[in-house]
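Colleague: here are the coordinates; sequence isn't available:
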């Protein structure tokens, strides 16, 4: 599968090393022999549909659960043997909101500061700094329950950034946010990574989000199926992608397979043709199979095409 | 554990987590009222309702009204209800994600247990002290020693029950499961504590009374109720022909039980909960 490529390490220091990690919940194997590295300073996205094992990987990284097989280290420190040191380096944003609704923003942050061992003075400065950057200074005295989803996410981010972590990890941080709040979060994360050099690792099931990252890893059924820069993964497929929906896709597929140089694939009822695609081909196909074709479209290969090429499945399953 | 970062001390972490429990509890007014309201209502209802049919004393001079008899038990019930409400927050914290945040912070789980238990105990103690105000209307001669002793007993008993609640709550994924535990374990424990009826003596000739005697004797709550009664009224029920533990037995029993249940809470929290893995 995906080996450590030339892109894998952007600096000498490795922020995260996953080494042959496997994890099972009883009989169900959630992760199968996953190995890859994240370089220091990278903005890294772990992409995978629900149930692909990405949340398990995240929990292992967060030190909430410990590896059963294989090893996992953060800045060279093992998550089992040096858990406390690893925890100091980590800023964690879970998928479920970890802020306390009954407390004010400031109180939430003050509790966090004590948990991470900040002195009183340091805590005060950091609360002001982080809230200023996130634009929630005027909300410091509001009870968290009264805030909107987007603002609550920002409080959560503020909380995880308070102790200046070297590595920020987030599990689907934009889930449940509207598009504008989502892009807010993204802009902030990007800016933070660029100004502080902090490493960012996040999971997502949104294909368009993964595109923002420096590098992405794709998990499918517990296995690593792709690991590269988003554009590198896409260019691997070459050219454009044609998607055809037909009244009887099986029959049409047979006919298309007769043509030389075409490698059509039927995935969940949609015929997809990648490789050397041009507009002539599209109009030829449309003319030839006019009666059978219901819809024909051309597009740049998306991460979904990458996913399909690697797994033979559609990202979202049969729709 | 050599950590480069300064790190908070056990006391700082415990303090801040306990403070959070207090802030959360007293900001949810329905909880404050719920934990104190039901026992207060029951105390008045049973106290006045059963007054005619119940008598503990053999002679008119020593006779206790049911309102008086039932007061220590009601006080313990408030501690129990409050301890339950505060430890349910373990389940809520887990569902909300706050708990996971604490678990991945560079603090030990012992600090977390200490914070939870201390917070819960203080809350229960405060609620108990509020209810104690009702005792001003009872026939009690108040002294400073008596009040201090009562508050100390309230605190130890609160801690004992918070530890029990915590240990159950840690394993639970839903608050519904917790209510089942409450009905199956905690309520019977309370009913068999001498709160509602005194502990019968051995040798009454009825085996049911003997069984009841032994069960109630083993119940640490019996010793809490007995201590409260002792300090409140300055007398015990031995003279009335019922069993009552001695002062020092009770003190040793509740201290040992609290230590034991605290140890249980510390053990239990090392275990992973399946709720973290959904």
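Modeller: Nice, thanks for sending it over. Please read these numbers as outputs of a predicted model, since none were measured by experiment. Numbers count the residues shown, from 1 in each chain, chains lettered A, B, ... in the order given.
Colleague: ok, the closest residue to residue B:109 other than its chain neighbours to residue A:79 distance?
Modeller: Closest residue to residue B:109 in three dimensions, ignoring its sequence neighbours and counting by Cβ to Cβ, 6 or more residues apart in numbering or on different chains: residue B:269, at 4.9 Å. C-beta: built from backbone N, CA, C; applies to glycine. Taking Cβ to Cβ, to the nearest Å as the criterion, residue B:269 is separated from residue A:79 by 20 Å.
Colleague: one step back: measure how buried the residue nearest to residue B:109 is and give me the count.
Modeller: 20 (other Cβ atoms under 10 Å in any protein chain shown).
Colleague: Now do the same for the residue of the stretch 51-200 of chain A found nearest chain B: helix, strand or coil?
Modeller: Evaluated by Cβ to the nearest Cβ, the stretch 51-200 of chain A has residue A:96 as its residue closest to chain B, separated by 3.4 Å. The three-state label given to residue A:96 by DSSP: H, G, I helix; E, B strand; the rest coil is coil.
Colleague: Kindly report the same for residue B:248.
Modeller: State at residue B:248, reduced to three classes by three-state DSSP: helix.
Colleague: now do residue A:16
Modeller: Looking at residue A:16 with three-state DSSP, the answer is strand.
Colleague: for it, what are its contacts?
Modeller: With contact taken as Cβ atoms under 8 Å, 6 or more residues apart in numbering or on different chains, residue A:16 is in contact with A:37-38, A:61, A:72-74, A:167, A:199, A:201.
Colleague: Run through the residues that contact residue 68.
Modeller: Going with chain A. Going by Cβ under 8 Å, 6+ apart, residue A:68 touches A:22-24.
Colleague: wait, chain B
Modeller: For residue B:68, the contacting residues are B:138-139, B:233, by Cβ under 8 Å, 6+ apart.
Colleague: again with residue B:178
Modeller: Applying Cβ under 8 Å, 6+ apart, the residues contacting residue B:178 are B:84, B:88, B:91, B:168-169, B:172.
Colleague: out of those residues, which one sits closest to residue A:231?
Modeller: For the contacts of residue B:178, the residue nearest residue A:231 by Cβ to Cβ is residue B:91; the value is 45.9 Å.
Colleague: Off-centre distance for the one helix or strand the closest one maps to?
Modeller: Assigned by DSSP states H and E, residue B:91 falls within helix B:66-96. Mean C-alpha position of helix B:66-96 versus that of the full chain (Cα atoms, centre = their mean, to the nearest Å) differs by 6 Å.
Colleague: Give me the three-state assignment for the residue in the stretch 201-319 of chain A positioned nearest to chain B.
Modeller: Distances between the stretch 201-319 of chain A and chain B by Cβ to the nearest Cβ are smallest at residue A:201, namely 13.9 Å. Under three-state DSSP, residue A:201 falls in the strand class.
Colleague: got the contact list for it?
Modeller: Contacts of residue A:201 were listed using Cβ under 8 Å, 6+ apart, and they are A:15-16, A:38, A:44, A:46, A:61, A:167-170.
Colleague: Who does it form a beta bridge with?
Modeller: Listed beta-bridge partners, residue A:201: residue A:44, residue A:169 (assigned using DSSP bridges).
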